[in-house]
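Peer 1: okay, structure incoming, though there's no sequence with it:
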């Protein structure tokens, strides 16, 4: 009888403690608080022992009401904000491990929020996001490219960020970087990873063909001459370059640095279309000559070009810093990366300076976001946490967007990062803000590919793209978006 009475008393105490904690949880939720009082504070509030409190808290954890975070405390799960985050980073290794690590770090620093990751392959971003919007299941935060923003905004899917972003953080960015996230006067995306296109060179291929692997070309003419010499050397499976010329790729975007190098481009300072200029024709002629004598034959796409470079079959490849991680993954080179490959700003052309474009990895918020504050917290964590930025660079080569962070010794003393930082001094934004650029780029790319590949084609035919763009301008619903 005595033992039974003791057990009843213990059960009664635990029941009262459980009811007390449930009441505390309700009060915290009403006050929009998420952290439970400490164990000692609960003992005082509930007037019971440590064991009873622990048992009651454990019951709430098993009920899915509470979550214990080591070193932080106990938090209310019902008050937890879940952010759906989509992107391509986790669709292949090592990105899958990287994003898991970032989510775990965010959870430790932000116990009141959680991230649910939704991987979408890069070439399926637009199709998947538009479909999810139609189905009413659009993610809260999205990883996008600079040319995706205009398309998604045309569907009225993006939330203008001006009133939600921390403007002190915007001031820490390169002004031209902030510009890449704007459509008109509104900010619709912020950069997660800076991505100026740079020139990668394969030291093993250069050495194989008799060139000094530590003396990469300084001008576009040298780049072309070296590429032709490599092709002429007749080494098996060895070429100078690979131009991304597949009709399935936004070729015009990938080759845009060359147009800038010849003082050309899509539009002038007054937003007038100048795609049919003499400078652009000269660019097409130069690319056509380079392709005919210094490149891999055939219409290779971006993925094939990257594979050729990583497998020591081409000497030169133009791409963003994030390819450092991919090349390390494909080739198997880890710490030896910088002794096998090199990177420099794109060689100078007629403009007299190294010309490049920003092809940043950006973050945007859906107009249908369930919790804007939590979404902003996740974006701020990804873009301003210095520990995460260093980890991201070490594992994937991705550069932080905060200029003050990027100019610290950790990055400036790294040869790879230092050359990317140099490229930022002369980088240009893609004209994605032009109302016709994104709608036209697919058509321009197809024409450009044929002109470069066909030995009988006339570069002057590139002038006719102006007629096509005018037709698109007068046809409101015409537009095939690049993948």
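Peer 2: Noted; the coordinates are in hand. All values reported here derive from a predicted model rather than from experimental measurement.
Peer 1: hmm, residue 446 is touching residue 246, no?
Peer 2: No: the pair residue 446 and residue 246 fails to qualify as a contact (Cβ atoms under 8 Å) at a distance of 10.0 Å. The way it works is simple: take the backbone N, C-alpha and C, and place the C-beta from them, glycine included.
Peer 1: need the overlap of contacts for the two.
Peer 2: Shared contacts of residue 446 and residue 246 (Cβ atoms under 8 Å, 6 or more residues apart in numbering): none.
Peer 1: so what's residue 297 up against?
Peer 2: Residue 297 neighbours (Cβ under 8 Å, 6+ apart): none.
Peer 1: can you give the domain ranges for this structure?
Peer 2: 13-76, 81-196+359-427, 198-355+431-474 (automatic domain parsing).
Peer 1: okay, how far is it across the last one, tip to tip?
Peer 2: So the one you mean is domain 198-355+431-474. 36 Å (Cα to Cα, to the nearest Å).
Peer 1: go on, the second one?
Peer 2: Between the opening and closing residues of domain 81-196+359-427 we find a distance of 38 Å, counting by Cα to Cα.
Peer 1: the first one too?
Peer 2: Using Cα to Cα, the span of domain 13-76 from its first residue to its last is 22 Å.
Peer 1: burial check on the residue lying closest to residue 195 once chain neighbours are set aside, number of neighbours?
Peer 2: Spatial nearest neighbour of residue 195, excluding adjacent residues (Cβ to Cβ, 6 or more residues apart in numbering): residue 320 at 3.6 Å. Counted with other Cβ atoms under 10 Å, residues neighbouring residue 320 total 24.
Peer 1: for the one 10 residues further on, same thing?
Peer 2: Residue 330 is flanked by 14 other residues according to other Cβ under 10 Å.
Peer 1: now it: how far from residue 324?
Peer 2: 11 Å (Cβ to Cβ, to the nearest Å).
Peer 1: same check, this time on residue 407
Peer 2: In terms of Cβ to Cβ, residue 407 sits 19 Å off from residue 324.
Peer 1: kindly report the same for residue 386.
Peer 2: In terms of Cβ to Cβ, residue 386 sits 19 Å off from residue 324.
Peer 1: these two: who's more crowded?
Peer 2: Using other Cβ under 10 Å, the more surrounded residue of residue 386 and residue 324 is residue 324, with 25 against 13.
Peer 1: my guess is the more buried one contacts residue 416, does it?
Peer 2: Yes: between residue 324 and residue 416 a contact is recorded at 6.2 Å, counting by Cβ under 8 Å.
Peer 1: my guess is the residue nearest to residue 195 meets residue 196, correct?
Peer 2: Yes: Residue 320 sits in contact with residue 196 when judged by Cβ under 8 Å, with a separation of 7.1 Å.
Peer 1: joint contacts of these two?
Peer 2: With Cβ under 8 Å, 6+ apart, residue 320 and residue 196 have common neighbours residue 359.
Peer 1: can you give me the helices in the stretch 101-250 of the chain?
Peer 2: 125-134, 149-154, 167-170, 175-180, 203-208, 220-232 (DSSP state H, counting those that start in this stretch).
Peer 1: mean confidence score for the longest one?
Peer 2: Regarding helix 220-232, the rounded mean pLDDT is 98.
Peer 1: what does that helix contact?
Peer 2: With Cβ under 8 Å, 6+ apart, helix 220-232 has contacts from 199, 205-206, 209, 211, 217, 238-241, 258, 261, 286, 289-290, 293-295, 315-316, 347-349.
Peer 1: would you mark the buried spots in it?
Peer 2: Of all the residues in helix 220-232, those buried under the rule 16 or more other Cβ atoms under 10 Å are 220, 223-231.
Peer 1: can you check the second one too?
Peer 2: Along helix 149-154, the positions that meet the burial threshold by neighbour count (16+ other Cβ under 10 Å) are 149-153.
Peer 1: show me where pLDDT drops low in the stretch 351-483 of the chain?
Peer 2: Applying pLDDT under 70 to the stretch 351-483 of the chain picks out residues 475-483.
Peer 1: strands of that one, start to end?
Peer 2: Ranges of strands in the stretch 351-483 of the chain, per DSSP state E, counting those that start in this stretch, are 356-358, 361-365, 427-429.
Peer 1: which residues are contacting the last one?
Peer 2: Applying Cβ under 8 Å, 6+ apart, the set of residues contacting strand 427-429 from outside is 146, 176, 179-180, 196, 260, 355-358.
Peer 1: again, but for the second one
Peer 2: Taking Cβ under 8 Å, 6+ apart as the criterion, the residues outside strand 361-365 that touch it are 89, 140-146, 149, 152, 158-159, 161, 164, 180-181, 188-193, 195, 322, 372, 375-376, 379, 382-383, 398.
Peer 1: what does the first one give?
Peer 2: Under the criterion Cβ under 8 Å, 6+ apart, residues 146, 176-177, 180, 194-198, 253, 256-257, 260, 345-346, 423, 426-430 lie in contact with strand 356-358.
Peer 1: for the helices of the stretch 101-250 of the chain, which one sits closest to residue 106?
Peer 2: Minimum separation from residue 106 across the helices of the stretch 101-250 of the chain (Cβ to Cβ) falls at helix 167-170, 16.5 Å.
Peer 1: run a quick neighbour tally on residue 272.
Peer 2: 8.
Peer 1: setting aside sequence neighbours, what's the nearest residue to residue 324?
Peer 2: Once chain neighbours are set aside, the closest to residue 324 by Cβ to Cβ, 6+ apart is residue 397, at 2.8 Å.
Peer 1: what of residue 182?
Peer 2: residue 433 (6.4 Å).
Peer 1: check contacts around that neighbour.
Peer 2: Per Cβ under 8 Å, 6+ apart, neighbours of residue 433: 150, 179, 182-184.
Peer 1: residue 67 - that's part of a helix, no?
Peer 2: No: Residue 67: not assigned to a helix; according to DSSP: H, G, I helix; E, B strand; the rest coil it is strand.
Peer 1: roughly how far apart are the residue nearest to the spatial centre of the chain and residue 191?
Peer 2: The chain has residue 361 as the residue nearest its centroid, 2.2 Å off, counting by Cα atoms, centre = their mean. Distance of residue 361 to residue 191, given as Cβ to Cβ: 7 Å.
Peer 1: any shared contact partners between the two?
Peer 2: Contacts common to residue 361 and residue 191, judged by Cβ under 8 Å, 6+ apart, are absent.
Peer 1: tell me, how many residues neighbour the residue nearest to residue 324?
Peer 2: Neighbourhood size, residue 397 [other Cβ under 10 Å]: 23.
Peer 1: and it, what is it in contact with?
Peer 2: 321-325, 328, 416.
Peer 1: with respect to residue 122, which of those is nearest?
Peer 2: residue 322 (11.1 Å).
Peer 1: if I read this right, the closest one contacts residue 398, doesn't it?
Peer 2: Yes: using Cβ under 8 Å, residue 322 is in contact with residue 398, at 5.0 Å.
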